[in-house]
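> Sequence first, predicted coordinates after that:
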Amino acid sequence: MSEIILAILFLISGFFMKYSDDFFDEKNNLMFASILGLICGVACALATVSDVEAAYIFIAILIGNLLALKIDGIHHIITLVIFIIICLICGIPQISLVVLLICVLGVLADEVGHETISKLTDNVFLNLFFEYRFVMKIVILLLAVSGAFNLLTFVNFMLFEIGYTIAEIVFEKLN
């Protein structure tokens, strides 16, 4: 798969992940949230089956959100099912359980921190750090700097984050 297509998959995965969640959480629009979740699941799965480093990231996001009990709607179930079906049909690259565990712990720290830190402290730095989920960004950057990941993977992950943020902005502006 070309690097440009992979980058686009990261970008649209982030966008549709957030947009789907906002339509479910804020608008209670199950149908539209589910359609957006379907698109997200396809994009995440295509990246996963095409690139080992994308596989680490998207599988970690899945496992981390499962462990954090964040799969809380039909749109998440649809995304999960589509993701699993595509991965089972196409196969995923061989991955290291150690690297996957590092990524899962990054996602889990972000999800738990995002939900709890602001309730525990008024520290502006910590609140912003977890509000914008910086643990996984740092994990991916450290994996890239250490040579476990390609630096382009960090760029792609940042595109995922940009897509996520754009969806949040678009949702707020249109609703």
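Right, received. Where do you want to start? On a predicted model such as this, the values are computed, not experimentally measured, just so you know.

> I figured N150 hits A54, correct?
No: taking contacts as Cβ atoms under 8 Å, N150 lies outside contact range of A54: 10.6 Å. Placement of C-beta: from N, CA and C, glycine included.

> Those two - which one has more neighbours?
More crowded of N150 and A54, by other Cβ atoms under 10 Å: A54, with 26 against 15.

> Provide a list of residues in contact with that one.
By Cβ atoms under 8 Å, 6 or more residues apart in numbering, the residues touching A54 are 6, 9-10, 47-48, 153, 156.

> and it, helix, strand or coil?
helix (DSSP: H, G, I helix; E, B strand; the rest coil).

> Can you tell me how far it is from A43?
Per Cβ to Cβ, to the nearest Å, A54 is found 10 Å from A43.

> List the contacts of stretch 59-75.
Everything outside stretch 59-75 that qualifies as a contact, by Cβ under 8 Å, 6+ apart, is 20-21, 23-25, 30, 33-34, 36-37, 44, 48, 76-77, 80, 83, 92, 95, 100, 103-108, 110-112, 115, 136.

> per-residue confidence averaged over the helix or strand hosting T116?
If you go by DSSP states H and E, T116 is part of helix 97-120. For helix 97-120, mean pLDDT rounds to 95.

> mind checking how far it is from the chain centre?
12 Å (Cα atoms, centre = their mean, to the nearest Å).

> again with stretch 21-31
18 Å.

> tell me which residues of it are tucked away?
21-24, 29 (16 or more other Cβ atoms under 10 Å).

> Between A54 and A43, which contacts overlap?
L9.

> continuing past the worst-scoring helix or strand of the chain on mean pLDDT, what's the next helix or strand?
Every helix and strand of the chain was ranked by mean pLDDT, DSSP states H and E. The lowest is helix 124-131, at a mean of 90. Scanning forward in sequence from helix 124-131 by DSSP H and E, the next helix or strand is helix 134-145.
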